[in-house]
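J.: I'll drop the sequence and a predicted model, then ask my questions.
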Amino acid sequence: MLHSPTPQPPSQFAIGTTTYPHIAGKHQSPHGSFWRLVCLTLCIAINPLASPRSLAQSAPPWMNLQTPSISSLRGLSPVDRNTAWVCGSHSALFRTIDQGKSWTSHPITELKNLTLSSPPVELRSIHAFSAECVVVATAGTPCRIYRTQNAGTTWHCVFEHPAKEAFIDGLKFYDSNQGIAFGDPVDGKIMVLRTEDQGQSWTQIQHDSLSVRDGEAGFAASNSSLMLSQTPNTPTTNPPKAELSLWIGLGGKVGSAPILSSKENITSFKMTSVEPIPSHSSAGIFSLAQSPAGKVIAVGGDYKTPDSPIGNIAIFDPDVQEWRKPIGEPPRGFRSCVVYIEQANIPEGPSKLHWITVGPTGSEWSNDAEHWHPLSVDPYHAVQVAPDGSIWTCGPMGRVAIYNSH
């Protein structure tokens, strides 16, 4: 793992399975509402062409759903607009089922016990199938994957790698059963794990094409440097199966950032150089996202220079099968996560918002991935889209938010 931010101190409130009410930012003064109404009335009087909707565009795009923790949250898995799981430093693990009005801590007890005698355990990769069924992976030692079917009342260790250098950088699922986890090299090869039973068991894929150069590894910044996709295939089996593919963004070695990919149902891999994004010990590809048309966006940069927009984005054009820079303004700095969104409205832009990227210096949106527009200056690490289209984000100091589309 190449990205090692300073751990945040654990929250004194995040203990056991207590439910904590969301207070910060929840209620507003009636006097503040009165003066906002006065200002709105004056603005309309001054500019009769202005509408309340257009004037409301100054409202924050992210609605704060602060957790009771001050951990750095990098793992995020929303189930719907009300339910989400988040995880992060000091083995923080929280769930909300009421859109952040309250949060419940669901600790993995044996990891909490380990923290008492060793460095705090990080949780950075998570996938929630429902409010109750969740798979989560550690980032570092011990290298483990846990699973629960009862919302964390009991956690079962379903995978453990004994190597000291084993480190899980990402965990994703194609569907309700098939999933992939990947991690840093062990014996010179990227660790790739596969499950076909909803994460109840994992098998390591062994192949010479997983070999990388000394120093190359993944970034566990947002659980999104691993991208999975399914391509409908010509029916040759009964029932027909989709072709599975994966892309893994890497960094760490001086040069251009590499991507390790497999488009043959995860049987062999190839390495591709992404020239617009440089690579070295603190730089590379941190996140990947794909549109239905096959356009792929890679974001990253150098996390040690968070304000620099140099080398922080690349676009894969499926028509010419090449990586290039966007033709317009890039995101404003290092970015740790990017997502593609369908059917989402953005008040201050054109009717359809298709891409969002986030990082420690803010977030941007784009319709075409070529021109990126400021969305917020608030710091976030990860952003994810729930199956119902709601957009969630999380970041430092226990920060969680949901996109405010109204």
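T.: Received the coordinates, thanks. What you see is a predicted model; the values in this text were computed from it and never measured.

J.: C143 contacts A181, doesn't it?
T.: No - counting by Cβ atoms under 8 Å, A181 is not a contact partner of C143; they are 10.1 Å apart. Any C-beta I mention is one placed from the backbone N, CA and C, and that applies to glycine too.

J.: what do those two both touch?
T.: I168 (Cβ atoms under 8 Å, 6 or more residues apart in numbering).

J.: Which one of the two is surrounded by more residues?
T.: Using other Cβ atoms under 10 Å as the criterion, C143 and A181 rank with A181 on top: 26 against 22.

J.: In the sheet, which residues pair with that one? Tell me.
T.: L171, L193 (DSSP bridges).

J.: Next SSE downstream of the helix or strand bottoming out on mean pLDDT in the chain?
T.: Least confident helix or strand of the chain, by mean pLDDT, DSSP states H and E, is helix 52-55 with a mean of 31. From helix 52-55 onward toward the C-terminus, using DSSP states H and E, the following helix or strand is strand 62-64.

J.: to the chain's geometric centre, what's the distance from that following strand?
T.: In terms of Cα atoms, centre = their mean, to the nearest Å, the centre of strand 62-64 is found 17 Å from the chain centre.

J.: same check, this time on stretch 283-291
T.: Stretch 283-291 has its C-alpha centroid displaced from the chain centroid by 10 Å (Cα atoms, centre = their mean).

J.: likewise stretch 179-186?
T.: Distance, centroid of stretch 179-186 to centroid of chain: 16 Å (Cα atoms, centre = their mean).

J.: Next, the residues that contact it from outside, please.
T.: 1, 125, 127, 135, 137, 143, 145, 159, 161, 163, 165-174, 190-195, 198-199, 202, 212, 216-218, 226, 228, 246, 248, 266.

J.: likewise stretch 325-334?
T.: So stretch 325-334 is contacted by 276, 286, 299-303, 305-309, 312-315, 357, 359-362, 364, 369-374 (Cβ under 8 Å, 6+ apart).

J.: Tell me how far F219 lies from A289.
T.: From F219 across to A289, the span is 15 Å (Cβ to Cβ, to the nearest Å).

J.: swap in P120?
T.: 30 Å.

J.: show me where the protein has helices.
T.: Assigned by DSSP state H, the chain shows helices spanning 30-46, 52-55, 109-115.

J.: Quick one: residues in contact with the last one.
T.: Outside of helix 109-115, the residues within contact range by Cβ under 8 Å, 6+ apart are 90-91, 121, 123, 138, 142, 155, 157.

J.: related to what we said a few turns ago, comparing P120 and A289, which residue is more hemmed in?
T.: A289 (22 against 19).

J.: quick one on the thing from earlier: need the least confident one among the helices of the chain, by mean pLDDT.
T.: Of all the helices of the chain, mean pLDDT reaches its minimum on helix 52-55 (a mean of 31).

J.: Okay, strands next: where are they in the stretch 51-200 of the chain?
T.: Remark: strands assigned in the stretch 51-200 of the chain by DSSP state E, counting those that start in this stretch are 62-64, 73-78, 84-88, 93-96, 102-105, 123-128, 134-138, 143-148, 156-161, 168-173, 179-186, 189-195.

J.: The shortest one pairs with which strands?
T.: In other words, strand 62-64. strand 400-403 (antiparallel).

J.: what's the strand it pairs with in contact with?
T.: Contacts of strand 400-403 (Cβ under 8 Å, 6+ apart): 61-67, 73, 76, 81, 84, 86, 96, 99-100, 344, 356, 378, 380, 390-394.

J.: burial count for T357?
T.: Quick note: T357 (other Cβ under 10 Å) scores 28 neighbours.

J.: these two touch, right, it and R335?
T.: Yes - in this structure, T357 is within contact of R335 by Cβ under 8 Å, at 4.6 Å.

J.: joint contacts of those two?
T.: Common neighbours of T357 and R335, counting by Cβ under 8 Å, 6+ apart, are 287, 299, 313, 364.

J.: Which of those has the largest number of neighbours?
T.: That'd be V299 among these, by other Cβ under 10 Å, with 30 neighbours.

J.: I'd like to know how far that one sits from P162.
T.: Taken as Cβ to Cβ, the span from V299 to P162 is 34 Å.

J.: Also compute the angle for the lengthiest strand in the chain relative to strand 189-195, please.
T.: Longest strand in the chain, counting residues (DSSP state E): strand 270-279. Here strand 270-279 runs at an angle of 120 degrees relative to strand 189-195 (axes from the mean of the first three to the mean of the last three Cα atoms, to 10 degrees).
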